[in-house]
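Undergrad: Below is the sequence, then the predicted model.
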Amino acid sequence: TTVAIDLMVYAILNVDEKNQVLTTYIWYRQFWTDEFLQWDPQDFDNIIQLSIPTENIWVPDILINEFVDVGKSPDIPYVYVNYEGQVKNYKPIQVVTACSLEIYSFPFDVQNCTFTFTSWLHNIRDINISLLRSPEAVKYDRSIFMNKGEWELLYINTQFNEFNLEREVTNDGYAEM
């Protein structure tokens, strides 16, 4: 299953230089197709989209590797599914991540923090991760960024990697974005 992901940074909530922790609030979106959730709208009163509880369907286990603490994210227990089986999972997430902060040139420092999205359980044959939008569209998107603090969002670089846990290269690698 290919899972297309997208994120937009809404706010930088806290930068804890002492503990090397960054707290942000992001809008995270996942899109995939589930062939078991398809139907013919003509057979169901022309219904073309439903809202379904996430506990009733398969949802990819894509996590952020740098997570160090559970944030105060609202629980969104539903996804949208259209008649072609396309699933949309939208989640606002408070992300508390480890970040190697270099503050030696404060207040003119520039920080580079990484969010690595990967499946915890499934290899690339089960879940492949792609970007919903082009890297260029993601890079400078500040459309929802709340810049009311001391930190400014410069850009978001995106990169796909495939890695193996085994020493020899196999087809059982993992995808990360």
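TA: Good, I have the coordinates. Numbers count the residues shown, from 1 in each chain.
Undergrad: Now do the end-to-end distance for stretch 162-177.
TA: 9 Å (CA to CA, to the nearest Å).
Undergrad: average pLDDT for it?
TA: In this model, stretch 162-177 carries a mean pLDDT of 73.
Undergrad: in the longest strand seen in the chain, what counts as buried?
TA: For the chain, the longest strand by residue count, based on DSSP state E, is strand 21-38. Neighbour-count burial for strand 21-38, counted by 16 or more other CB atoms under 10 Å, picks out 21-26, 28-34, 37. Heads up, the C-betas are built off the backbone N, CA and C, glycines and all.
Undergrad: ok, so of those, who is nearest A98?
TA: Checking those against A98 by CB to CB gives V21 as the nearest, at 6.4 Å.
Undergrad: and the gap between Q38 and I127?
TA: 20 Å (CB to CB, to the nearest Å).
Undergrad: got a list of what the residue nearest in space to the middle of the chain touches?
TA: Nearest to the geometric centre of the chain sits Y28, at 4.9 Å (CA atoms, centre = their mean). For Y28, the contact set (CB atoms under 8 Å, 6 or more residues apart in numbering) comprises 5-7, 90-93.
Undergrad: With L22 instead?
TA: Contacts of L22 (CB under 8 Å, 6+ apart): 12, 14-16, 95-99, 101, 111, 113.
Undergrad: hmm, who's touching stretch 94-106?
TA: Against stretch 94-106 from outside (CB under 8 Å, 6+ apart): 13, 15, 17, 20-26, 64, 66-73, 109, 111, 113-115.
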